Every structure is written in C-alpha cells, then in structure tokens.
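A.B. asks: Requesting a structural model of the entry that follows:
(one chain, ligands or ions: 1)
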Amino acid sequence: MRRPLVAGNWKMHGTRASVAELIEGVRRQVLPGDVDVAVFPACLHVAQVVEGLAGASVMVGGQDCAVEPLQGALTGEVAASQLQDAGCVMVLLGHSERRQVLAESDQVVARKFAAAQACGLVPVLCVGETLEQRQAGETLAVVGRQLAAVIDAHGVAAFSAAVVAYEPVWAIGSGLTASPEQAQEVHAAIRAQLAAADAELARGVRILYGGSVKAANAAELFGMPDIDGGLVGGASLNADEFGAICRAAGS
Ligand code: PGA
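C.D. replies: Predicted structure coming up:
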C-alpha cells in the first residue's frame, strides 16, 4: 500500500515573523501517524523552518533547485546539494508557475530532477494541463509528454525515489478543483504510463493531486484509488486547515 503524502507549498509567501507563526501552528496540529507530511517554504526560510520543525515529523523541501547539482558559479540559483545541506529531503520541480512564468522547459525540469536525485533529494515532479489544453482534449497528451521527458532522460527506475504531482493549471489558486473523477482519470493515466515500463514500480509511486485542495474537498479526492495525497498551496498557509487536510489523508 502506498503511504499518503500531504505537501504544503508555501510558494513566495512569508516573512520571518509570519513563518514563525506558521511553524508554531503546524507544530500544534495532531498529525496522523500513517501519513507523510512535508512543507516547502521559500528558500530563504528553509533554515528557519528546518530548525522550527525539528522533532515534529514534518519533512522540509525546496521549491526548486538548479540544473547543476553542486554549488558553483550560478548566480541566483540554489543547488540541490545546498538544499540537502540545509536539511531539505525533497524538492518541487516543474511547478506550473515556473513552467509558465519562467518558461522552464521539460528538458530543464529533467536536468533538475537528476540534480536533485544526485544529492539524495526526492523530486516531486509537477505536471498538468492548462484550461485551453483541457478544452482541446489534450490533457492526457500534455501530462504524458511532461512525464515522458523525465522517463526518457533518466529511465523509469528513477521514479522509485520520486513523487509525481498532478496539478491542473486551471485549478491552481483559482478555487476550481478538478472533480475526483477528473483527477482520478489523469492519475490512472500517469500510473499506466509508468507501468508500461515497470508495473511493480508503478504500483509504489505516489501521485499527489494539487489545485485548490482544502479541508472540505480533501477526503473525497484522497479517496480515489490513484490519488495518494495532495500538494496544497493556499490552504497550507493556514496551519489548522493544513492539519485538517493531513488528517483527511489518514485512514
Ligand atoms: P493551490 O496551489 O492549492 O493554492 O491551488 C497548489 C499548488 O500550486 O501547488
């Protein structure tokens, strides 16, 4: 059985003071013992969060990493090795905000995926279609291409130590959530694509849903057979709401 994972993506939010409050709020939550929980603060706050959540059974991850795994001359970037050194165990890659606003290509995302794994970080590979692509009936093709870029570059075995997050772009921060059935269809297709290369490995890969997940819709989404937890943006900035989402992923 796959162990659920609920991941809070704090995006470009927070000050030292508000992050300290959020840490306290997360520490107060009763978290289920059968769910992995992780938070992804802005890079600047990683050290504060690692220290603040010490002993709290909450993992910390970065929101991105450089294409080069090790520290070096690459102004403005953060190496996976530096994230690992700071206490991160995971890293989000290919979030749609980066693909869209910063024009990150599938190839760049694939390089970052390798960099993360080279440093022992678990990549959380984000994939998802835009509203136009969904309306044109291209959802499975788009998601399949984003996933294939990493499988082709690094082999399906790389997914034995990775997580996939399906995040329909039209559902992110919009209040619109994919219906459990819409999400399940894509999650099943992602698993089938992995299974075509390695069926046993595919059964073990966690596939998270992201896009306006909140306490009120989490249980229904997490109840679908191929949805193994959530990548939560806005709602993760409220510790009580985030705690409730984590509990919804428990048995
Ligand atoms: P949202 O963001 O929960 O605010 O829609 C999810 C994400 O972008 O990871």
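
A.B. asks: which residues does the residue of the chain found nearest the ligand contact?
C.D. replies: Closest approach of the chain to the ligand (CB to the nearest ligand atom) occurs at residue 233, with a separation of 2.2 Å. Backbone N, C-alpha and C define where each C-beta goes, glycine included. By CB atoms under 8 Å, 6 or more residues apart in numbering, the contact set of residue 233 is 9, 11, 172-173, 210.

A.B. asks: Generate a markdown table for these, with secondary structure as supplementary columns.
C.D. replies: Output for those, formatted as a markdown table (DSSP: H, G, I helix; E, B strand; the rest coil):
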| residue | secondary structure |
| --- | --- |
| 9 | strand |
| 11 | coil |
| 172 | coil |
| 173 | coil |
| 210 | strand |
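
A.B. asks: Can you pick out the most distant pair from the residues you listed?
C.D. replies: The largest separation in the contacts of residue 233, counting by CB to CB, is between 11 and 210 at 11.6 Å.

A.B. asks: With neighbour numbers in mind, choose between these two.
C.D. replies: Legend: neighbour count by other CB atoms under 10 Å for residue 11 and residue 210, higher for residue 210 (28 against 19).

A.B. asks: Skipping adjacent residues, who's closest to the more buried one in space?
C.D. replies: The shortest distance from residue 210 to any non-neighbouring residue, by CB to CB, 6 or more residues apart in numbering, is to residue 231 (3.4 Å).

A.B. asks: That neighbour sits in which helix or strand?
C.D. replies: strand 229-232 (DSSP states H and E).

A.B. asks: Tell me which strands that strand pairs with, and in which orientation.
C.D. replies: Paired strands of strand 229-232, with direction, are strand 5-9 (parallel), strand 207-210 (parallel) (DSSP bridges).

A.B. asks: Identify all contacting residues around the first one.
C.D. replies: Right, the one you point to is strand 5-9. Contacts of strand 5-9 (CB under 8 Å, 6+ apart): 35-40, 61, 63, 90, 92, 95, 124, 163, 165, 206, 208, 210, 228-233, 236-237, 242, 245-246, 249.

A.B. asks: Would you indicate which residues of the next helix or strand after that strand are buried?
C.D. replies: Sequence order places helix 16-28 as the next helix or strand after strand 5-9, per DSSP H and E. Across helix 16-28, burial judged by 16 or more other CB atoms under 10 Å covers 19, 22-23, 25-26.
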